[in-house]
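# have a look at this prediction, sequence included:
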Amino acid sequence: MKKLFVVMINLTVLISSAIIANAYDWYEYNGHQYTLTNDWETWASAEQEALALGGHLVTINTDAENDWLTWTFKDTYVRSYPGNSGQNIAWIGYYNDNGYWKWISGEPVTYYRHDYSQWPQGGNFAYLHLAYHPYSETWNANPLHNDYYDFNPKGIIEVVPEPLSALLLLSGGIPLAILRRKKKV
């Protein structure tokens, strides 16, 4: 009975996670899933939301992906300046770790698109300038966007499917099948 209870809890968690994930508008590119955080927030809070969905803030690896993100999320402004093209930005998973810029996903840095006229403006967390921004498709890191509530942007979340993700989704049913098999023997 105890094992059956654990299985039921696992299934409840899986179903709850699926319901929460469906509350987002998801987009697919190159086999990866992307969405925006639900709220305008600090970089760390955006990353926490991404982790809760099984991903990270986006890791950008190519010009094509950077351009796709720029146009897919083109109307994502900071909290208090909707429609202001100069505030059309979104967090990405690029951050400064003791002088070294890294991806929060742990992937190696093989691509970057800094706005060298401004990079970085003293910030430790990068964002993408989205379509219609004067520096569209480039990245910057200004502490204003992390430190001041009115200037917090949303973050772009990326979920990379793992080869065993389908098996993990079904894992709640595997213990139940084993439990049933044991009872029959």
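Happy to help now that I have it. On a predicted model such as this, the values are computed, not experimentally measured, just so you know.

# where in this protein is pLDDT low?
Residue ranges of the chain with pLDDT under 70: 1-22, 163-185.

# what residue is smack in the middle of it?
residue 157 (1.6 Å; Cα atoms, centre = their mean).

# each with direction, which strands does the helix or strand harbouring that one pair with?
Element membership for residue 157, per DSSP states H and E: strand 154-159. Sheet pairing of strand 154-159 (DSSP bridges) gives strand 32-36 (antiparallel), strand 56-57 (antiparallel), strand 89-97 (parallel).

# ranking these by burial, who's on top?
The highest mean neighbour count among these, using mean count of other Cβ atoms under 10 Å, belongs to strand 56-57: a mean of 26. Quick note: C-beta positions are derived from backbone N, CA and C, even for glycine.

# what's in contact with that one?
43, 46-47, 50, 91-93, 103-105, 155-158 (Cβ atoms under 8 Å, 6 or more residues apart in numbering).

# moving C-terminal of it, what's the next helix or strand?
Once the chain leaves strand 56-57, the next helix or strand it forms, by DSSP H and E, is helix 63-72.

# quick one, that next one and strand 32-36 angle?
Angle of helix 63-72 versus strand 32-36, following axes from the mean of the first three to the mean of the last three Cα atoms, to 10 degrees, is 30 degrees.

# just checking, what packs against helix 63-72?
Applying 3 or more Cβ pairs under 8 Å, 6 or more residues apart in numbering; DSSP states H and E, we find helix 63-72 packed against strand 27-29, strand 125-129.

# got the ones you listed as CSV, with distance to residue 64 columns?
Listed next are the helices and strands packed on helix 63-72 as CSV, based on distance: least, Cβ to Cβ, whole Å:
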stretch, distance to residue 64
strand 27-29, 9
strand 125-129, 14
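
# of those strands, which is nearest residue 38?
Across these, residue 38 has its closest neighbour in strand 27-29 (15.3 Å, Cβ to Cβ).
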